[in-house]
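Asks: I'll drop the sequence and a predicted model, then ask my questions.
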Amino acid sequence: MAVVMVVDDDAETRATLTTFLTRRGHRVNCASQGKEAIEKMTEDPADVVILDAVMPNVDGEEFLEVLRCYLRWQHTPVIMITAYEEGSHIKRAVELGVRKTFLKGDFDLEEMGNYVDSLASRGPASDQPGARQPFHCN
């Protein structure tokens, strides 16, 4: 079982992912935007983060920049949900360590669940061969 943080401003997406991942045996925490997610991560760190790219206030990219500045979260696996197949925000997300992206409204829950399961079963990303180099904060 993993602790999964779902960060999305869409309540229906949060509810769907929470129900689905809970049934797969994971414990799910939710946040409707990035600032709230950072606050919740300090209280109850997640093993895997599922992140919406576009949100009000603190969006996905800003959340990732903050997340990667904390040593304890530099290797936390992040999956991004986005409405865009390509673009500068996707490139930046990959630079910040996003493992996989899913298209919002067009992804297979089973595929995402299997991917979350595989990340959770690997243990901390920092223990994996070829783990990302730490992100350097300004």
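Replies: Nice, thanks for sending it over.
Asks: Dump the C-alpha coordinates for the worst-scoring helix or strand of the chain on mean pLDDT into PDB.
Replies: One helix or strand of the chain scores below all others by mean pLDDT, DSSP states H and E: helix 88-95, with a mean of 81. Extracted in PDB, the C-alpha atoms of helix 88-95 (Å, rounded to 0.1, in the frame of the first residue of the first chain):
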ATOM      1  CA  SER A  88       6.400  24.000 -22.700                       C
ATOM      2  CA  HIS A  89       4.700  23.000 -19.500                       C
ATOM      3  CA  ILE A  90       5.100  19.300 -20.400                       C
ATOM      4  CA  LYS A  91       8.800  19.800 -21.100                       C
ATOM      5  CA  ARG A  92       9.200  21.700 -17.800                       C
ATOM      6  CA  ALA A  93       7.300  19.000 -15.900                       C
ATOM      7  CA  VAL A  94       9.700  16.300 -17.300                       C
ATOM      8  CA  GLU A  95      12.700  18.500 -16.300                       C
END
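Asks: Show me which residues of it are buried.
Replies: H89, I90, A93 (16 or more other Cβ atoms under 10 Å). C-beta: built from backbone N, CA, C; applies to glycine.
Asks: R72: which of these is nearest?
Replies: Closest approach between the buried residues of helix 88-95 and R72, by Cβ to Cβ: A93, at 20.1 Å.
Asks: For that closest one, give its distance to C30.
Replies: The gap separating A93 from C30 is 20 Å, by Cβ to Cβ, to the nearest Å.
Asks: Okay, helices next: where are they in the chain?
Replies: Assignment of helices within the chain using DSSP state H yields the ranges 11-23, 34-43, 60-69, 88-95, 109-122.
Asks: Verify the stated contact: L103 with A83.
Replies: Yes. Counting by Cβ atoms under 8 Å, L103 does reach A83; the two are 7.1 Å apart.
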